[in-house]
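Participant: Show me how the following folds:
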Amino acid sequence: MSEIIALEYGEKKGFFYIEIDGKVQAKMTFVFAGEHQIIIDHTEVSPGNNGKGFGKKMTEKAVEFARQKGISILPLCPFAKSVFDKTPEFRDVL
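Facilitator: Numbering: from 1, shown residues only. Okay, the predicted model is just below:
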């Protein structure tokens with residue numbers, strides 16, 4: 001089983017995703033809010049993958065992206081917000 005955690009984005013929006021054996025199993029979408037912030041607006045995990053930590057892995061990827069780009073994250077998605085609430089080491093990008 002090969003797991004890939006990746007990112008795709010354009011000028012206005014994008015998504016983080018987890019692909020296993022060539023199939024997308026989870027996706028976290030965001031939109032750019034100006035040049036210095038992204039808004040995470042939705043997290044979705046395919047049936048049968050709940051509890052595998054996919055949401056947290058995508059949130060980690062979002063934090064890594066924000067740190068590299070020097071931008072902040074506004075987690076409007078309830079799941080993403082809960083990960084930030086539970087993970088103090090991610091809060092530097094809020």
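Participant: and the helix or strand harbouring residue 63, which residues are buried?
Facilitator: Here residue 63, judged by DSSP states H and E, is contained in helix 54-69. Neighbour counts over helix 54-69 (16 or more other CB atoms under 10 Å) mark 54-63, 65-66 as buried. The way it works is simple: take the backbone N, C-alpha and C, and place the C-beta from them, glycine included.
Participant: Stretch 75-87 now?
Facilitator: Residues 75, 77, 79-80, 83-84 are the ones in stretch 75-87 that count as buried (16+ other CB under 10 Å).
Participant: what's next to that stretch, contact-wise?
Facilitator: 28, 39-43, 55-56, 59, 62, 73, 90-91, 94 (CB atoms under 8 Å, 6 or more residues apart in numbering).
Participant: Equivalent analysis for stretch 51-59, please.
Facilitator: 5, 16-18, 25-28, 40, 43, 45, 79-80, 83-84, 87, 90.
Participant: Narrow those to those in strands?
Facilitator: 5, 16-18, 25-28, 40, 43, 45 (DSSP state E).
Participant: neighbour-wise, which of these leads?
Facilitator: residue 28 (27 neighbours; other CB atoms under 10 Å).
Participant: Could you check how far residue 71 is from residue 94?
Facilitator: 11 Å (CB to CB, to the nearest Å).
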